[in-house]
Every structure is written in structure tokens, then in C-alpha cells.
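# predicted model follows, preceded by the sequence.
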Amino acid sequence: MSVAEQKLTYLTAAGRFDICSPGECIRLLPVALDTFRASQEALAGSQDPNVRTVIAPYISYNRRTGGCGRMLKMLLHGTCSYDCAYCPVRLQREPVSFPPGEFADTFLRLWRDGLVEGLFLSSGIPRDVDCVMHDLVETGELLRRQGYDGYLHLKVLPGATRADIHDAARVADRISINLEATSPDRLGGIAGVKDYRQDILKRQAWVAEEKPGSHTTQLVVGAADETDAEILSCLADQYRRVRPSRVYFSAFRALPGTPLASHPDTPAWRARRWYQADYLLREYGVTADELRVALDEEGFFSNCDPKVALADGRRPVNVNFAPRRDLLRIPGIGPKGADRILSCRRERLFTGLADLGRAGIKGRVAGRYLTFGGRETVQAELVL
Ligand code: SF4
């Protein structure tokens with residue numbers, strides 16, 4: 001394996017801990033990197049012995065425009081002088097990195113061959129943060145200057161300057177800075193070097209100003225032993241202050257050799273429940289106070305869809321008169337379904353479960369949370 005191949009293999013593997021797509025699926029990129037002779041046939045499982053079949057993992061993600069895209073996700077520098085207790089990059093002693101020019105050339109060959117169509121670029125911090133941010137921005141600028149017009153996501157490093165964040169936002173489609181934990185105390189327990197307020201929250205406010213509505217963040221769920229109640233407070237604060245377009249949830253995995261090697265893993269379902277709860281906050285107008293009802297006494301969600309948990313604790317709503325806000329809180333009814341119900345019932349009231357099909361709603365899921373009938377039924381329900 002050539003040096004470039006080794007670097008790409010290591011740096012893409014190290015980049016997998018940064019989440020940039022929920023439920024992202026990691027696949028292996030078959031590519032003859034030594035000659036950069038690669039082709040779509042290679043992806044289709046070519047038998048050509050000159051094409052090596054395992055070099056770099058990429059992630060398969062859902063494009064906004066439909067279908068699956070291939071995004072290379074990697075670190076520019078694979079060593080780090082920081083001390084995040086959950087992170088394997090800090091264990092790497094031998095310097096492994098791509099100078100911006102070398103990486104830009106490498107990526108452009110993969111992109112021009114049609115093997116990847118997007119790039120998520122982050123980095124360890126082996127030296128001064130400013131130098132590493134300059135490398136990330138320079139890489140983005142080189143790519144753009146050489147004709148790359150695909151998706152580019154650049155990670156903003158903790159402690160980055162305002163000027164570097166501005167430059168990253170100018171060159172990238174999306175930028176992000178990871179919270180990792182829910183509060184200064186929680187972060188202090190797993191990452192002593194980063195200052196939560198100064199290095200992360202202050203920079204995140206700049207990120208939000210530079211890329212309003214197009215920045216993201218990530219939480220490592222369970223690494224710092226935070227409760228779901230703490231995550232909920234953290235998210236409420238995020239959506240009030242900086243409005244990230246997405247929050248990604250990474251279930252903590254104990255990695256050998258790290259200080260948290262004996263810490264219990266976070267079950268995958270906990271991160272999945274957080275994606276569901278976050279969706280309710282972002283898209284359904286559910287408030288953090290409402291969601292708190294679904295927490296147990298110790299401040300944790302159970303392994304149950306939070307929308308179902310909320311609906312189970314409420315009285316059924318009359319599908320013929322409930323406002324959109326209440327319809328949206330019914331399992332099985334999303335924003336489009338709620339709008340269809342509002343439209344259909346203007347023509348004719350719903351009379352029973354089978355009738356819900358008119359609005360494209362499956363009565364099997366939503367039915368147990370709904371009542372039917374006219375205004376007199378609503379009055380009767382109110383009196384009860
Ligand atoms: S800053 Fe922390 S999480 Fe990021 S690469 Fe360095 S040790 Fe890992």
C-alpha cells in the first residue's frame with residue numbers, strides 16, 4: 001500500500017466518530033489509489049485485479065434531492081494534543097496527515113472519477129488550533145479553485161478565531177462545531193483542555209452568525225453520564241440561542257486504550273430516541289417542557305418513541321375539531337397528514353377509523369388517540 005493509501009485509510013477510519021448524517025452507513029470505497037485509476041465499474045464490484053477493493057470507508061447518505069450519495073468523511077490531521085477521554089485519535093503517536101495541497105489533489109481524483117460526491121472534513125489538533133484551521137480552510141479553497149462544486153462540510157475547531165470561522169463559512173456549504181457534552185461540568189469530566197463556554201459556545205455563536213440555519217453540532221450521548229433531562233435542557237438552549245439545523249447524537253462506545261475504556265457503552269436505542277425527540281422539537285413544535293413529561297424520576301427516557309410516550313399520557317383528541325398543533329402530537333400523523341386532515345374535514349367530517357384513509361392516515365396507529373363525531377361530542381369530552 002502506498003503512503004497516500006495508508007494515510008487515506010487511517011484518516012477516513014479516524015473520521016468515522018464525527019457524525020454528519022443520522023443512521024449513516026459506512027461502506028468501503030474500492031479504488032486503485034496507487035494509480036488513481038478508479039471507475040464506476042470498481043464500485044460495481046469489478047474483477048479487474050488492478051483495482052484494489054478496500055481502501056477508504058465512505059458514508060452513504062440520503063441526498064436532499066433523493067437517492068443515496070457517497071461522502072468521504074475524514075480527518076486532515078490524525079493526531080491530537082487534546083485529551084478528550086472518549087477519543088481514539090489522542091492515542092495515535094505517529095504523525096499522519098495530509099498537507100492541504102496533497103489532500104486536495106487526492107480528493108479531486110476521487111471526485112472526478114465519480115467515486116465520491118461530497119466531503120466532510122475535520123481534523124485532530126496536533127498543534128496550534130489556528131494553524132489547523134488554516135489548513136482546513138486552505139484545503140476548501142484549493143478544492144473550490146480547482147473546480148470542485150460538490151457538497152463541502154468543514155468542522156470548526158474549538159477555540160477557532162472569528163476570521164477563520166468566517167473563511168470556513170465562505171468556502172463550505174455547511175460548518176459545525178461539536179458540543180460533545182451538555183454543560184461545562186459534563187465536558188470538564190471528559191475533556192479537560194476544552195473550555196465549554198469560551199472554546200465551544202462562544203465559537204458556536206459565531207458559527208451561527210456566519211451560517212444561519214446551516215450549521216450543526218454533535219453530542220456524545222452517555223460519555224459524561226448526563227441524564228436525558230440534561231440533554232433536553234441543552235437542546236432547548238441550542239434552539240433558543242443558535243438554532244442549529246441539525247443536532248447529531250453519537251451513542252458513546254468505549255474504545256480500548258482510552259481513559260473511558262471500562263465505561264459502559266450507551267445502548268444504540270438511546271441515540272435513536274434522541275433523534276426522534278429532537279425531531280419533535282424541531283419539526284412538530286413540541287416544547288421541551290412537554291417532552292419532560294416522558295422522563296422517568298431519574299431523568300431518562302424509556303426505550304419508547306417519545307411521541308407515543310407523550311400521547312399515552314393524554315386524552316384522545318377529536319379529529320374533526322382538534323387544532324393542527326394537537327393533531328401533530330398524535331402518533332401516525334405528521335405535518336403533511338395534519339394538513340390533509342384539516343383540508344378533508346372542511347369538506348366532510350370524519351366518521352370513524354376507516355374514514356381516516358381519506359387523509360392518507362393509517363387508523364391502526366393514530367386511531368387509539370383519536371375520537372370522532374360532531375361538536376356535541378367535543379362538549380361531552382370537555383365535561384367528562
Ligand atoms: S479535540 Fe478531542 S475529540 Fe477532537 S480529535 Fe482531539 S482528542 Fe479527539
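Yep, it's here. Numbering: from 1, shown residues only.

# so which residues on this structure come close to the ligand?
Within the chain, the positions near the ligand by CB under 6 Å from any ligand atom are Cys80, Tyr82, Cys84, Cys87, Val89, Arg90, Gly124, Ile125. All C-beta atoms are positioned from the backbone trio N, CA, C, and that covers glycine.

# lowest-confidence entry in these?
Among the residues of the chain next to the ligand, Arg90 carries the weakest pLDDT, at 82.

# just say helix, strand or coil for that one.
helix (DSSP: H, G, I helix; E, B strand; the rest coil).

# pretty sure it contacts Ile125?
No: using CB atoms under 8 Å, Arg90 is not in contact with Ile125; the gap is 9.9 Å.

# quickly list what's touching both of those two.
Contact criterion CB atoms under 8 Å, 6 or more residues apart in numbering; residues shared by Arg90 and Ile125: Cys80, Tyr82.

# helices of the stretch 201-350 of the chain, start to end?
Counting by DSSP state H, counting those that start in this stretch, residue ranges of the helices within the stretch 201-350 of the chain are 202-210, 228-241, 268-283, 288-292, 306-312, 324-327, 335-347.

# quick check: mean pLDDT of the helix or strand hosting His134?
Per DSSP states H and E, His134 falls inside helix 129-145. Average pLDDT, helix 129-145: 98.

# list the contacts of it.
Residues lying outside helix 129-145 but in contact with it, judged by CB under 8 Å, 6+ apart, are 76-77, 99-101, 103-104, 107-108, 119, 121-126, 152, 154-161, 164, 167-168, 171-172.

# over to stretch 205-219?
Against stretch 205-219 from outside (CB under 8 Å, 6+ apart): 18-20, 156, 162, 165-166, 168-169, 173-182, 204, 231, 234, 238, 241-250, 274.

# sort out which of these are buried, if you could.
18-20, 156, 165, 168-169, 174-182, 204, 231, 234, 238, 242, 244, 246-250, 274 (16 or more other CB atoms under 10 Å).

# ok, back up a step: quick one: closest of the helices of the stretch 201-350 of the chain to Gly299.
helix 228-241 (3.4 Å; CB to CB).

# if we can go back for a sec, got TSV for the helices of the stretch 201-350 of the chain, with mean pLDDT too?
Shown next, in TSV, are the helices of the stretch 201-350 of the chain (pLDDT from 0 to 100):
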stretch	mean pLDDT
helix 202-210	98
helix 228-241	97
helix 268-283	94
helix 288-292	95
helix 306-312	94
helix 324-327	96
helix 335-347	94
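
# now render the ones you listed as TSV, adding distance to Ala354.
Formatted as TSV, those follow (distance: least, CB to CB, whole Å):
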stretch	distance to Ala354
helix 202-210	47
helix 228-241	38
helix 268-283	28
helix 288-292	30
helix 306-312	21
helix 324-327	18
helix 335-347	13
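
# looking at these, which is closest to Tyr148?
Comparing those under CB to CB, the one sitting nearest is helix 202-210, at 20.6 Å.

# tell me which residues in that closest one are buried?
Using 16+ other CB under 10 Å as the burial criterion, the residues of helix 202-210 that qualify are Arg203, Gln204, Trp206, Val207, Ala208, Glu210.

# show me which of the residues you listed is closest to Gly367.
Ala208 (41.4 Å).

# distance check, that closest one against Asp237.
Between Ala208 and Asp237 the computed distance is 13 Å (CB to CB, to the nearest Å).

# what's the answer for Glu94, then?
Per CB to CB, Glu94 is found 40 Å from Asp237.

# please enumerate the strands of the stretch 1-150 of the chain.
Secondary structure of the stretch 1-150 of the chain (DSSP state E, counting those that start in this stretch): strands at 25-29, 56-62, 68-75, 118-122.

# list the contacts for the closest residue to Asp339 other than its chain neighbours?
Counting by CB to CB, 6 or more residues apart in numbering, Arg324 is the residue found nearest to Asp339 once chain neighbours are left out, at 7.4 Å. Taking CB under 8 Å, 6+ apart as the contact definition, Arg324 lies against Ala338, Asp339, Leu342.

# so who does the closest residue to the first one other than its chain neighbours touch?
On the basis of CB to CB, 6+ apart, the spatially nearest residue to Ala338 that is not a chain neighbour turns out to be Leu327, at 4.1 Å. Residues in contact with Leu327, defined by CB under 8 Å, 6+ apart, are Val317, Val319, Ile333, Gly337, Ala338, Ile341, Leu342.

# what separation do you get for the closest residue to the last one other than its chain neighbours and the ligand?
For Leu342, the nearest residue in space outside its immediate sequence neighbours is Arg324; the separation is 6.2 Å by CB to CB, 6+ apart. When CB to the nearest ligand atom, to the nearest Å is the yardstick, Arg324 and the ligand sit 42 Å from each other.

# all good on my end, thank you.
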